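K.L.:
here's a sequence, model it:
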Amino acid sequence: MEYGAAKVELRNSQASKDAQSPIWLPREAQITRLIVQEAHVQSKHAAVATVTTIIRQHYWIDKCRKLIERIIYHNLDSKCYRCARFRAQPYQTPQHPPLPTNRVKFERPFENVGLDYFGPNEYRTADGLAKYWGAIYTCMATRAIALDVVTDCTAFAFLNSFRRFVAQWDCPLNIYSDNALQFKLASQLVSTSWTVEEVNRERRIEKRWEGVFRHNSVQNYMVNNGVTWHFIIERAPWKGPYERLIGPVKYCLKRSLAKSTKLNLDEIRTLLAEISKVVNERPVSFRSERDLIEPLRPIDILLPWKGHATIPSLNPETMDSDQEYHPQPNSKTI
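P.N.:
Predicted coordinates:
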């Protein structure tokens with residue numbers, strides 16, 4: 001004891017005089033908390049290891065590192081709020097909820113469809129250049145896509161594109177899209193049998209679209225198929241799985257064409273059809289080298305009889321008898 005303070009004897013060490021006989025401080029004492037706070041501030045809000053080194057030059061605290069961390073970072077009545085501001089982390093995101101039913105259960109491909117446009121791009125005509133948009137139809141369960149071309153953003157052009165899609169893949173039960181005007185207008189024809197006057201009054205449709213909605217055959221075609229239209233939340237960044245698949249489509253489209261190359265409309269349709277085949281042959285998940293050679297692809301669900309004909313295969317039973325097969329010592333085993 002010295003001046004009423006208990007000291008820890010470390011005389012045989014080569015440390016300084018104060019470090020050889022540091023003052024012992026109880027862990028839960030108020031003075032201990034004040035000394036830790038002072039050392040932390042004087043060390044320019046240093047980390048726990050630095051504060052521990054400074055304190056042990058004069059004092060000894062049992063389990064010093066854990067106590068300093070608790071005082072500086074965790075205790076509400078003693079923690080350093082300046083350090084807390086820099087150490088603050090974003091709120092932990094909640095766990096992902098289960099996928100909706102239309103993403104995990106289906107009876108046939110394209111039963112539930114996500115819909116969006118991408119573009120505009122230009123194509124070559126006899127009179128110069130004109131614009132076109134790509135329409136992407138995404139199967140919500142298999143993640144397969146179907147691509148089409150529309151030459152304007154009117155409801156009439158969309159309905160024709162939708163009819164071509166239905167002719168190829170059958171009519172979906174549910175359509176999910178964003179809140180584009182042409183989709184909202186078309187959805188009224190899908191879910192109701194409004195007259196042209198009612199639609200014009202509610203949506204203030206431009207005169208060029210009046211003729212589209214006067215065709216009862218268009219209205220009856222959509223209504224009789226019982227399609228339900230769903231819109232995602234306006235300006236929301238979620239519920240857009242169909243928009244994600246626009247990425248690989250644009251990836252192939254930009255790399256297949258030179259910047260100055262302009263195709264005609266028939267060539268554009270052909271190119272998009274080939275791109276849709278490529279995208280549908282992608283693996284649906286990451287495959288490591290140790291996994292099977294044949295990954296699961298959307299096209300295997302769309303066309304199960306097609307198989308993996310595009311993937312070359314080797315028959316282990318006939319490798320040895322193949323005269324052209326000569327493995328090297330450093331060949332990697334598949």
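
K.L.:
do a quick rundown of the strands in the stretch 51-200 of the chain.
P.N.:
Here the stretch 51-200 of the chain has its strands, by DSSP state E, counting those that start in this stretch, at 59-61, 112-125, 128-139, 145-150, 174-177.

K.L.:
so which elements touch the fourth one?
P.N.:
For strand 145-150, the contact count by 3 or more Cβ pairs under 8 Å, 6 or more residues apart in numbering; DSSP states H and E identifies strand 128-139, helix 155-169, helix 265-280 as packing neighbours. C-beta coordinates here come from the backbone N, C-alpha and C atoms, glycine included.

K.L.:
export the strands of the stretch 51-200 of the chain to CSV and append columns for distance to Gln42.
P.N.:
Formatted as CSV, the strands of the stretch 51-200 of the chain follow (distance: least, Cβ to Cβ, whole Å):
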stretch, distance to Gln42
strand 59-61, 14
strand 112-125, 59
strand 128-139, 61
strand 145-150, 63
strand 174-177, 60
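
K.L.:
of those, which is nearest Ala258?
P.N.:
Among the strands of the stretch 51-200 of the chain, the nearest to Ala258 by Cβ to Cβ is strand 112-125 (13.2 Å).

K.L.:
re earlier: let me have the strands of the stretch 51-200 of the chain in a markdown table, extended by mean neighbour count and mean pLDDT.
P.N.:
Listed next are the strands of the stretch 51-200 of the chain as a markdown table, based on neighbours: other Cβ atoms under 10 Å; pLDDT from 0 to 100:
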| stretch | mean neighbour count | mean pLDDT |
| --- | --- | --- |
| strand 59-61 | 20 | 87 |
| strand 112-125 | 18 | 86 |
| strand 128-139 | 19 | 89 |
| strand 145-150 | 22 | 92 |
| strand 174-177 | 20 | 82 |
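
K.L.:
need the contact list for the nearest residue to Ser256 once chain neighbours are set aside.
P.N.:
With sequence-adjacent residues excluded and distances taken as Cβ to Cβ, 6 or more residues apart in numbering, Ser256 is closest to Leu271, at 6.4 Å. If a contact means Cβ atoms under 8 Å, 6 or more residues apart in numbering, then Leu271 has 253, 256-257, 263 as its contacts.

K.L.:
who wins for neighbours among those?
P.N.:
Within these, most neighbours by other Cβ atoms under 10 Å means Leu253, with 19 neighbours.

K.L.:
neighbouring contacts of the host helix or strand of it?
P.N.:
Following DSSP states H and E, one finds Leu253 within helix 246-256. Residues from elsewhere that reach helix 246-256, judged by Cβ under 8 Å, 6+ apart: 116, 118, 121, 134, 136, 145, 147, 271-272, 275-276, 278-279, 282.

K.L.:
please redo it, this time with the cut-off set to 7 Å
P.N.:
116, 118, 136, 147, 271, 275, 278-279, 282 (Cβ atoms under 7 Å, 6 or more residues apart in numbering).
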